[in-house]
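Provided below are the primary sequence and the corresponding predicted coordinates.
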Amino acid sequence: MYIAVMGYGTVGAGVVKVLKMNRDHISRKSRHGPIDVKYILEIREVTDENAHLVTKNFNDILNDKDIHVVVETMGGIHPAFDYVSACLKAGKSVVTSNKELVAEKGLELLTLARANQVNFTFEASVAGGIPIIRPLSGSLNGNIIEEVAGIINGTTNFILTKMITENMPYADALRLAQEKGYAEKDPTADVEGIDACRKICILSALAFGKHVHPRQVCTEGISKLDLKDTKYAGELGYVIKLLGRSKRVGDQISVMVSPALVKKESLLANVSGVNNAVLVRANAVGEIMMYGPGAGMMPTASAVVGDVIDCCNHYMRPKFFGWSEDAGDDFIKDYLDVETALFIRVDRSVDKAKIKEAFGDVDIIEKDDVAFITPVAAERELRIKAEGLGCEVKSVIRVTDY
Ligand code: HSE
């Protein structure tokens with residue numbers, strides 16, 4: 001079968017490379033034999049050995065009846081959304097690595113794919129090379145999912161790992177991440193949790209069946225974290241991770257992205273550097289965790305190519321993801337009403353008797369600042385009590401039971 005690749009950046013180039021490198025093997029995994037790239041859509045100049053495949057004209061792909069599967073690795077919403085929609089309407093399956101597109105337009109594109117008897121697949125859109133979309137939409141279908149929690153941004157996990165293990169200040173760790181090519185020159189999407197938010201929206205839709213929009217998710221990044229937070233959390237037996245979390249709470253879900261304390265001995269705590277991991281709690285299987293490289297050329301291409309083979313094998317047979325309606329705001333629980341424990345760091349001037357009066361007999365760390373972990377209660381109630389301590393509240397970080 002012939003395919004086209006739209007966007008020849010790191011991931012697109014990786015897809016072409018994997019398809020060539022493993023061509024014979026892939027031909028044995030594919031119902032219709034070898035899978036070859038016929039077009040690469042790229043407006044920038046390409047000078048490598050694939051330059052002869054390049055077109056700048058999307059219509060070459062759209063109008064070619066030999067193309068049954070199109071890979072979208074352009075990123076962003078425009079023009080990716082228009083191109084993907086046009087391909088689906090033309091009866092071509094689409095494989096994407098574009099988390100922004102899936103988080104914003106996933107329901108619309110899946111509906112369009114179904115209407116046209118083709119597939120829209122997106123394994124690479126969350127946690128790069130780690131298989132998580134398929135487990136959540138297939139292997140775990142016999143379960144009621146209770147919770148999904150993941151380290152789903154490699155850049156911030158790299159920065160936090162440096163802060164925790166080398167005592168490196170946030171700004172230095174960010175600079176190092178930029179030097180190593182993990183963080184962009186403008187790191188906002190990673191460090192402010194925007195990238196992780198898109199990914200938890202996708203995982204939530206698969207786990208709970210409704211399209212959760214990024215604007216519905218309480219999102220906090222790591223840019224305000226201080227070394228005192230990572231140090232004090234360490235002394236209390238925790239590490240701080242940026243987590244995307246989505247949890248069933250009654251007939252609603254709580255979904256958020258924020259720094260969170262996880263116990264030092266937990267599996268998530270030991271995911272370091274740019275690696276990702278996704279933990280799933282479900283009512284039959286119990287707790288499982290998938291771990292591995294969450295970004296990079298070849299790991300991400302691995303996920304895309306897996307989808308390409310699947311789309312070739314399921315030509316004209318749309319997969320069913322159970323992602324079939326929009327989550328109204330009623331479905332999303334206000335994060336302030338969700339029960340949690342909080343790590344609170346306050347100014348040294350605090351009256352410690354007041355802490356005990358407000359929160360009970362908690363362990364208190366006293367250094368340059370004072371820190372403690374509250375008992376579990378509604379976040380709103382805990383924040384009101386913290387404000388009532390009569391001193392500067394420097395940091396409030398959620399504490400998990402992982
Ligand atoms: N910027 C993302 C990360 C890339 O750091 O995880 C993969 O989505």
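Everything's here; your move. Residues are numbered from 1 along each chain as shown.

got the contact list for the closest residue to the ligand within the stretch 251-400 of the chain?
For the stretch 251-400 of the chain and the ligand, the shortest gap (CB to the nearest ligand atom) falls at Ala295, measuring 3.6 Å. Quick note: C-beta positions are derived from backbone N, CA and C, even for glycine. Contacts for Ala295 were tallied using CB atoms under 8 Å, 6 or more residues apart in numbering; they are 128, 154, 182, 274, 276.

Please identify the helix or strand for it.
Using DSSP states H and E, Ala295 is not contained in any helix or strand.

Next one, pLDDT for it please.
With respect to pLDDT, Ala295 scores 94.

next one: phi and psi at it?
With angles defined as degrees, to the nearest 10, Ala295 sits at phi -160, psi -170.

And it, how far from Lys65?
35 Å (CB to CB, to the nearest Å).

Could you do Ile373 as well?
Look at Ile373 and Lys65: by CB to CB, they are 62 Å apart.

helix, strand or coil for Gly142?
Following DSSP: H, G, I helix; E, B strand; the rest coil, we place Gly142 in the coil state.

Just give the closest residue to it, not the sequence neighbours.
Ala284 (5.9 Å; CB to CB, 6 or more residues apart in numbering).

Relative to Ser137, how far out is the one you found?
Following CB to CB, the distance that separates Ala284 from Ser137 is 16 Å.

Repeat that for Thr55.
For Thr55 relative to Ser137 (CB to CB), the value is 33 Å.

was I right about the residue nearest to Gly142 contacting Ser139?
No - the criterion here is CB atoms under 8 Å, and Ala284 misses it with Ser139 at 11.3 Å.

who's more crowded, those two?
Neighbour comparison, Ala284 and Ser139: the larger count goes to Ser139, with 12 against 8 (by other CB atoms under 10 Å).

What distance do you get for the more buried one to Gly14?
Distance from Ser139 to Gly14, by CB to CB: 25 Å.

With Val274 instead?
Distance, Val274 to Gly14, by CB to CB: 16 Å.

same thing with Leu136?
Counting by CB to CB, the gap from Leu136 to Gly14 is 23 Å.

The two: which has the busier surroundings?
Using other CB under 10 Å, the more surrounded residue of Leu136 and Gly14 is Leu136, with 26 against 22.

correct me, but that one touches Ala205?
No - between Leu136 and Ala205 there is no contact under CB under 8 Å: 9.3 Å.

Now do the phi/psi pair for the residue of the chain positioned farthest from its centre.
Centroid-distance maximum for the chain: Ala353 at 41.5 Å, with CA atoms, centre = their mean. Per-residue torsions, Ala353: phi -60, psi -30 (degrees, to the nearest 10).

Contact residues of the chain facing the ligand?
Residues of the chain lying near the ligand by CB under 6 Å from any ligand atom: 128, 153-155, 182, 190, 195, 294-295.

Am I right that Gly91 sits in a strand?
No - counting by three-state DSSP, Gly91 is not found in a strand; it is coil.

can you pull the contacts of it?
68, 116-118.

try it again with 7 Å
By CB atoms under 7 Å, 6 or more residues apart in numbering, Gly91 lies in contact with 116, 118.

Next one: it relative to Ile202, how far apart?
25 Å.

these two touch, right, Val362 and Ala371?
No - using CB atoms under 7 Å, Val362 is not in contact with Ala371, being 10.0 Å away.

Stretch 110-120: end-to-end distance?
Its start and end residues considered, stretch 110-120 measures 6 Å (CA to CA, to the nearest Å).

can you pull the buried residues of it?
Residues of stretch 110-120 classed as buried: 110, 112-114, 116, 118-120 (neighbour count, 16 or more other CB atoms under 10 Å).

List phi and psi for the residue nearest to Leu236 when sequence neighbours are not counted.
Once flanking residues are discounted, Leu236 sits nearest to Ile373: 6.0 Å by CB to CB, 6+ apart. Per-residue torsions, Ile373: phi -110, psi 130 (degrees, to the nearest 10).

which residues does Ile373 contact?
Counted by CB under 7 Å, 6+ apart, Ile373 has contacts 236, 341, 343, 362, 399.

tell me the pLDDT at the closest residue to the fourth one other than its chain neighbours?
The shortest distance from Val362 to any non-neighbouring residue, by CB to CB, 6+ apart, is to Phe372 (4.5 Å). Among the per-residue scores, Phe372 shows a pLDDT of 98.

So in that sheet, which strands flank the strand or helix carrying Phe372, and in what orientation?
Here Phe372 sits within strand 370-373, counting by DSSP H and E. Using DSSP bridges, strand 370-373 pairs in its sheet with strand 339-346 (antiparallel), strand 364-366 (antiparallel).

ok, for Met6, nearest residue in space, not its chain neighbours?
Using CB to CB, 6+ apart, the closest residue to Met6 is Leu41 (4.2 Å).

And for Ile43?
Leaving aside its chain neighbours, Ile43 sits nearest to Lys56 (5.5 Å; criterion: CB to CB, 6+ apart).

For burial, what's the neighbour tally of the one you found?
Lys56: 9 neighbours (other CB under 10 Å).

Surely it and Arg44 touch.
No - the pair Lys56 / Arg44 is not scored as a contact, 9.5 Å apart, by CB under 7 Å.

residue contacts, Gly244?
Taking CB under 7 Å, 6+ apart, one finds 150, 152, 196, 199-200, 257 in contact with Gly244.

out of those, who has the most neighbours?
Comparing those on neighbour count, Ala196 comes out first with 33 neighbours (neighbours: other CB under 10 Å).

Could you verify that that residue is part of a helix?
Yes - checked against three-state DSSP, Ala196 lies within a helix.

what about it, distance to Gly294?
Applying CB to CB to Ala196 and Gly294 gives a distance of 10 Å.

Now list whatever residues contact both of those two.
Jointly contacting Ala196 and Gly294 under the rule CB under 7 Å, 6+ apart are Ile152.

all strands of the stretch 101-250 of the chain, in order?
Here the stretch 101-250 of the chain has its strands, by DSSP state E, counting those that start in this stretch, at 120-121, 145-151, 210-211, 218-219, 238-249.
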